[in-house]
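pasting the sequence and the predicted coordinates here, then a few questions.
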Amino acid sequence: MKVPRTHPRYKSLKTREALSKLSDEGVVARTGLIAHGRGEAFDYMLGERTHPFAERAASAAAARLLLAKNPVLSVNGNVAALAGKEIIALGRAVPAKLEVNLFHRSEARIERVAAHLEKLGAKGVLGRKATRLIPALAQPRAHCTEEGIFSADVVFVPLEDGDRAEALVRFGKIVVAVDLNPLSRTARAADVTIVDELTRAVPNVTAAVSRMRRWPEKRLRLVADEYDNGGALAEAGRAMAKGLAEA
Ligand code: PTJ
């Protein structure tokens, strides 16, 4: 479909077209299209812009990633399709490893998502040889690599499902999530939840990493420790309620 540039929802329509194409190619799961629709609805209530609570969360996320010894960015089909280049740039900036981890998991899809990232310039993508399991998680996302998510201290999990986020926290990981739904189990389980649209959130974290890169450890720790995720989620909920009330 040819989307006219003048269409008021041009960006949204283009994104949907791209996701639909990548779903045909097997990069995005079919249910990933449903997940995207849910995200769009929440973003509408936020006025499709980044709010101060998300800026604060992005700084806390950057502090956590910079303090980590083995930070890993987990990539699923939607993340690779929506923000492949952006997640690669974040991986380079930290630096952090990229690991493909899928809910609708098959060897073929792991390969497609990894190859998609490599086509965009990613190097050393993990996930093809997942020999480990996240403990106490009875679903396909438990599969992970020894050098990646299994041994990570900080795991960045955009567009996550609640089961794995909770299992990662139980496993002792610091979890940083990007999720437009402030009510989701992921948003509540994570140490830092950025309630913002993925394509705005990831470059914001990369910018914060660049800004904070030379900060002493003590200053980074202060940002990480002072961040209040429950407070940020409550603010996000209020911002959405306000968005609706003003409709
Ligand atoms: O590629 P796979 O097989 O690993 O599957 C990936 C999906 C996304 C299908 C899978 O992880 C899934 O079903 O996720 P959920 O449980 O639907 O959760 C996705 C969450 O991300 C929801 O809370 C959405 O509101 C939120 N979300 C969707 N799109 C965006 C988003 N958050 C930020 N930015 C978005 N663009």
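Received, thanks.

would you mind listing what in the chain touches the ligand?
29, 31-32, 35-36, 38-39, 42, 76-78, 82, 102-104, 159, 161, 178-181, 184, 197-198 (CB under 6 Å from any ligand atom). All C-beta atoms are positioned from the backbone trio N, CA, C, and that covers glycine.

again, 5 Å this time
29, 31-32, 35-36, 38-39, 76-78, 102-104, 159, 161, 179-181, 184, 197-198 (CB under 5 Å from any ligand atom).

is it possible to mark the buried ones in the residues you listed?
29, 32, 35-36, 39, 76-78, 102-103, 159, 161, 179-181, 184, 197-198 (16 or more other CB atoms under 10 Å).

just checking, Val100 touches Ile110?
Yes: in this structure, Val100 is within contact of Ile110 by CB atoms under 8 Å, at 5.4 Å.

more neighbours, those two?
Using other CB atoms under 10 Å, the more surrounded residue of Val100 and Ile110 is Val100, with 29 against 19.

so what's the more buried one closest to, chain neighbours aside?
Nearest-residue entry for Val100: Gly127, 3.3 Å, with adjacent residues in sequence omitted and distances by CB to CB, 6 or more residues apart in numbering.

swap in Thr31?
Thr31's closest residue in space is His104 (CB to CB, 6+ apart), at 6.8 Å.

what helix or strand does the closest residue to the ligand within the chain sit in?
Closest residue of the chain to the ligand, CB to the nearest ligand atom: Gly39 (2.3 Å). In this assignment (DSSP states H and E), Gly39 forms part of helix 30-45.

show me where pLDDT drops low in this structure?
1 (pLDDT under 70).

what residue lies at the spatial centre of it?
The geometric centre of the chain, computed from its C-alpha atoms, lies nearest to Pro158 (CA atoms, centre = their mean), at 1.6 Å.
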